[in-house]
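S.K.: With the input below, show me the fold.
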Amino acid sequence: MLWLPIDRSSNLPLFRQVYNEIRTKILRGELYGGERLPSTRELASELQVSRNVMLEAFDLLFAEGFIESRQGSGTFVTHGAQLNQQHIHEPLAEPMKLKPTREPDIIDFRSGVPAFDFFPRKLWGQLASKVCAELPETAMCYDKPEGRPELRHALSKYLRRMRGVVCHPDQIVITAGTTQALSIVAKLLSTEKQEVIAEDPITHEVQTIFSSHGCHLQPISVDADGMQTEQIHSASKPAFVYVTPSHQFPLGGTLPVKRRIDLIRFARSANCCIVEDDYDSEYRYEGPPISSLQGLDPERVVYLGTFSKTVLPSLRIGFMVLPWDFIEQVRNLKWLADLHTPSIDQLILARFIEEGHLERHIFKMKKIYRKRRNFLIDSLNRHFSDKVHILGHSTGLHLIAEFSDVEFTPQMLEKIEQSGTRVYPVETHAIQKGRHKNQVILGYGNLTEEKIEEGIQRLHERIP
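M.R.: Now for the predicted structure:
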């Protein structure tokens, strides 16, 4: 009789245990090719399990070719199913229970993270239910790379009204966030000319994306008003210019109209495009809303946007607004990248915009973020008084804290993190190193006032 150990306390079904044991014995050669196996009835009786358990185990072994049936003779081990190894890795009797890896109680001042606790989950779920109930057949199959027409139409109206973007729905291509859009831009515009004019500092991720496509970054310094366009050499012939005019990342400046016009004039003379990353523009706390750069020259500017800050990062939906000459090329590049962005998510977002929920949500969140920003500023001033200078706080979900006589070295950052607080140095995002060592980025979007106060208190304990 075939001896098979059975563990009735295991979470693994009995048929799977029987299958694992017989499979292992065959692979090890303990059951050799051509050997006859006991009948399912005999094994069920011996192991005191139902015959159905044995039938399921044998069916699985038959399906995988470990055993074969000979009419009138019984069931036999298949020839050639042995590995002829002394030992093999046996299947686990039950899934290994991994201990969850839990980060210590870190107060994380990461930028660009929205307040998840205020996301309208119930409303989003209701819209999702309606969309799925009314889902057209076109959204159930492979879709078009440029995105659903419902979302592109809703976006074109929203962008014209809220951001001054001049575009037709056909000029919009939906992407998997800004990361994919930047990758497509690099492929589109840097085939012949590899030089890219960019703000310095800019997000390290953007530098990585452009560099991975062979682009060489020509850094232009920024000040309180964003990119210093007067530093751009008139003889430069770049593939494109990358700029965040509404809210420069990370220093937070807003590009004034004179510099915007200078930038457009340069792009025309150099016959290149401007790539406008409209970063965090929705959350402006001081002064009137700033219109897009794209509205000044729609055929010279590639406009990029995302819903990571206004809705959720995990939604992974962004968009590009393109000059007419680029539309077909970008659609092809998007198709090659991932065919299309998930259709159902697009339709839910389209409803969210069309029914006015996005604008109401932004209006609500703007009040919350302004309050958190003000609290962070007050906390910094209370703990550090004249030792800290605050920059870039008029827009977005972060600000810059510049400290006198402090250098945020790796050792200093480790010391701060050991206190339970995580901050992000501006120097990480600098192309030309050495000019921002005393500045850190403090994001406040997803932190309560209590967390902000505790985090700044811990920071104060670590900064001399």
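S.K.: By residue count, what's the longest helix in this structure?
M.R.: In the chain, taking DSSP state H as the definition, the longest helix is helix 357-384.
S.K.: helices or strands up against the helix or strand following it?
M.R.: The element immediately downstream of helix 357-384 (helix or strand, assigned by DSSP states H and E) is strand 388-391. Judged by 3 or more Cβ pairs under 8 Å, 6 or more residues apart in numbering; DSSP states H and E, the packing partners of strand 388-391 are helix 357-384, strand 398-403. (Glycine included, C-beta is placed from N, CA and C.)
S.K.: What strands line up against strand 388-391, and which way round?
M.R.: strand 398-403 (antiparallel) (DSSP bridges).
S.K.: between the helices and strands packed on strand 388-391, which gets nearest to Pro238?
M.R.: Pro238 lies closest to strand 398-403 among the helices and strands packed on strand 388-391, at 27.2 Å (Cβ to Cβ).
S.K.: quick one: that closest one to helix 357-384, angle?
M.R.: Using axes from the mean of the first three to the mean of the last three Cα atoms, to 10 degrees, the inter-axis angle of strand 398-403 relative to helix 357-384 is 10 degrees.
S.K.: quick check, distance from strand 398-403 to the centre of its chain.
M.R.: Mean C-alpha position of strand 398-403 versus that of the full chain (Cα atoms, centre = their mean, to the nearest Å) differs by 24 Å.
S.K.: And for stretch 351-369?
M.R.: 21 Å.
S.K.: which element is Ala337 on?
M.R.: helix 327-338.
S.K.: Packing partners of that helix?
M.R.: Under the contact criterion of 3+ Cβ pairs under 8 Å, 6+ apart, helix 327-338 touches strand 172-175, helix 177-189.
S.K.: okay, now the spatially closest residue to Ala186 that is not a sequence neighbour: neighbour count?
M.R.: In space, and not counting its chain neighbours, Ala186 is closest to His213: 3.8 Å by Cβ to Cβ, 6 or more residues apart in numbering. The number of residues packed around His213, counting by other Cβ atoms under 10 Å, is 19.
S.K.: out of the helices and strands packed on strand 388-391, nearest to Ala224?
M.R.: strand 398-403 (10.6 Å).
S.K.: Let's see the helix or strand that the closest one is followed by as CSV, backbone CA atoms only.
M.R.: Later in the chain than strand 398-403, the nearest helix or strand by DSSP H and E is helix 410-418. Provided in CSV are the C-alpha atoms of helix 410-418 (Å, rounded to 0.1, in the frame of the first residue of the first chain):
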residue,chain,number,x,y,z
PRO,A,410,23.2,61.9,4.4
GLN,A,411,24.3,61.7,8.0
MET,A,412,22.1,64.6,9.0
LEU,A,413,19.1,63.0,7.1
GLU,A,414,19.7,59.7,8.9
LYS,A,415,19.8,61.4,12.2
ILE,A,416,16.5,63.1,11.5
GLU,A,417,14.9,59.8,10.3
GLN,A,418,16.1,58.1,13.5
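S.K.: Of all the residues in helix 410-418, which ones are buried?
M.R.: For helix 410-418, burial by neighbour count (16 or more other Cβ atoms under 10 Å) applies to Met412, Leu413, Ile416, Glu417.
S.K.: And stretch 258-274, by the same measure?
M.R.: Across stretch 258-274, burial judged by 16+ other Cβ under 10 Å covers Arg259, Arg260, Asp262, Leu263, Ile264, Phe266, Ala267, Ala270, Cys272, Cys273, Ile274.
S.K.: Repeat that for stretch 3-20.
M.R.: Applying 16+ other Cβ under 10 Å to stretch 3-20 flags Leu4, Leu14, Phe15, Arg16, Gln17, Val18, Tyr19, Asn20 as buried.
S.K.: What does the second one show for phi and psi?
M.R.: So the one you mean is Leu14. phi -60, psi -40 (degrees, to the nearest 10).
S.K.: quick one: it and Glu35, what's the gap?
M.R.: The gap separating Leu14 from Glu35 is 23 Å, by Cβ to Cβ, to the nearest Å.
S.K.: ok, now Arg160?
M.R.: 77 Å.
S.K.: hang on, the earlier thing: can I get the buried residues of helix 410-418 in a markdown table including pLDDT and distance to Pro238?
M.R.: What follows is those, written out as a markdown table (pLDDT from 0 to 100; distance: Cβ to Cβ, whole Å):
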| residue | pLDDT | distance to Pro238 |
| --- | --- | --- |
| Met412 | 96 | 36 |
| Leu413 | 96 | 34 |
| Ile416 | 96 | 38 |
| Glu417 | 95 | 38 |
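S.K.: would CSV of those residues with distance to Ala350 be doable?
M.R.: Formatted as CSV, the buried residues of helix 410-418 follow (distance: Cβ to Cβ, whole Å):
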residue, distance to Ala350
Met412, 47
Leu413, 42
Ile416, 43
Glu417, 41
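S.K.: And the residues you listed, which is closest to Leu127?
M.R.: Nearest to Leu127 among these is Glu417, at 39.6 Å by Cβ to Cβ.
S.K.: can you count the residues close to the nearest residue to that closest one once chain neighbours are set aside?
M.R.: Once flanking residues are discounted, Glu417 sits nearest to Ile106: 7.2 Å by Cβ to Cβ, 6+ apart. Neighbours of Ile106 under the rule other Cβ under 10 Å: 13.
S.K.: Let me know whether His247 touches Leu255 as I believe.
M.R.: No - proximity of His247 to Leu255 does not meet the contact threshold set by Cβ atoms under 8 Å, at 9.5 Å.
S.K.: Who has more neighbours out of the two?
M.R.: Higher neighbour count among His247 and Leu255: His247, with 27 against 24, using other Cβ under 10 Å.
S.K.: Fine by me, thanks again.
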